[in-house]
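Peer 1: everything below, folded, please.
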Amino acid sequence: MTFKEIYGHEKPVAILRSAMAKNRIAHAYLFYGTEGVGKRTTASVFARALNCEEENPPCDACRSCRKAERNTHPDIVTITAEGQFIKIGAIKELQEQMKFRPREGSRRVLIMPEADRMNAAAANALLKTLEEPSAGNILLLTTSRPHALPMTILSRCQHLRFTPLPRETVARFLREKESLEAAAAEALAASSGGSIGKALEMNREDYLTLRNGILEHLAEENPADPLQRLAFAGRFGTEREVILERLHILRTCYRDALVFRETRETERLIFRDRAGVIRTLAGRLPGRELLTSIAAVEAAMSAIDQNANKSLTLEALMIKLA
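Peer 2: Numbering: from 1, shown residues only. Below is the predicted model:
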C-alpha cells in the first residue's frame, strides 16, 4: 500500500512526505483523531516508506515493502495490548530492541496502536525512551483518546491530527474496496461519522434492516402506549456494544428529525435515504421534545458506557422519550 492509496488525510500525509524529503523525521509521532479514520493505516504506510529501497517510497515492490506487506519485516514492529492494557513488559521488550541497530532497513519503526491503553507503569517506562531517543528508531503512537495520555508523553511527540473523513470519501472507499452499490455505500457512509472503520463495522446484512426498523417504529409509535414503549426497549438487546449501536441509531433519528424540522433540507440529514420517514417523525414531534429526546439518549449512552444496569437504563429512557 502506498501514500496514494490512503483515503483522505491529505494534510498529515503531506507533512510526513515532506519530512522524508527533507530528512527531518521526528523521533516520535502521535497520530490522533476519531477511531477508524485511518491512523493505523497511515502509520503502516509511513513505516514502509521509511524502509523502502526505491525512490518515491513506499514502492510496494522492493524486498522491504514486500516483507512489510506480509508483516515479516524485522524492523517494523507493532506493540499491542495484552488483554485490556499495554503493559510494562511490552515497553521493556521495545527498549531492548532499540539498543541494537536496525537489522535490515535504515530505520526501526515501532507502531503502538491505541497508545492510550498503556497502564501507568508502561507510560512511565515509555517516557524514558522518549526523553533519550536513540538513533535509527522511530515511534508511531496512535490514539482516539489523546487526553488519556500523560502530558509528559504528549509533549515529546510531533502531533498529527486525523479528522473525520467527508461522507463522499467513505462512500467512495465502500464502492471501490467493498464493491457496494452506490445507495448502500451512501447510507453506511452517512451513518459512519466520517470513519471508514465504523462503516466497515456496519457493513453487515442486518445493520440497515435494524436502522430501518427503529426509524419505522418511531414514525408509527403511539406515545401513549407504555407497553409499546417497553416492547421497544426489548429490541435493544442485552450486550453493551449492541445496545450502544442501537442507541446511536436512535439518537441519529431524533437528530435528523430536528434538523429537518428546523431547515426543511434533506441534504443535511444523516439518514437522507429515509427522508420520508424522517419527515413524518419531524411532523409528529415539536422541536423541544426532539431536543429532550436527544439529551435522554445521550445520557443513556453515557450510563451504559459506564456499566450502569442496562435493562433499567433502557426502561428509564423509554419513559423520557418523546
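Peer 1: when you work out contacts or count neighbours from here on, use the C-alpha atoms and nothing else.
Peer 2: Noted.
Peer 1: just for the chain, where's the confidence low?
Peer 2: 205, 222-224, 322 (pLDDT under 70).
Peer 1: now the strands for it?
Peer 2: For the chain, applying DSSP state E gives strands covering 28-33, 76-78, 108-112, 137-143, 158-162.
Peer 1: tell me how far V170 lies from S134.
Peer 2: Counting by CA to CA, to the nearest Å, the gap from V170 to S134 is 38 Å.
Peer 1: ignore what I typed, I meant V259.
Peer 2: Distance from V259 to S134, by CA to CA: 53 Å.
Peer 1: which one of those two is surrounded by more residues?
Peer 2: Each of V259 and S134 has its neighbours counted (other CA atoms under 10 Å); V259 has more, 20 against 15.
Peer 1: tell me which residues touch that one, please.
Peer 2: Taking CA atoms under 8 Å, 6 or more residues apart in numbering, we find V259 in contact with 265, 268-269.
Peer 1: the residue lying closest to L16 once chain neighbours are set aside: what's it in contact with?
Peer 2: Spatially, and ignoring its direct neighbours in sequence, L16 is nearest to F46 (7.4 Å; CA to CA, 6 or more residues apart in numbering). F46 sits next to 3, 16, 58 when contact means CA under 8 Å, 6+ apart.
Peer 1: which one of these sits closest to C65?
Peer 2: Checking the contacts of F46 against C65 by CA to CA gives P58 as the nearest, at 6.8 Å.
Peer 1: give me the number of neighbouring residues for that closest one.
Peer 2: Residues within reach of P58, counting by other CA under 10 Å, total 23.
Peer 1: correct me if wrong: it contacts C52.
Peer 2: Yes - contact criterion CA atoms under 8 Å: P58 and C52 qualify, at 5.4 Å.
Peer 1: one step back: which ones among the contacts of F46 lie within helices?
Peer 2: The members of those that map onto helices under DSSP state H are L16.
Peer 1: now the contacts of F46 as JSON lines including distance to R101?
Peer 2: Converted to JSON lines, these look like this (distance: CA to CA, whole Å):
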{"residue": "F3", "distance to R101": "26"}
{"residue": "L16", "distance to R101": "23"}
{"residue": "P58", "distance to R101": "21"}
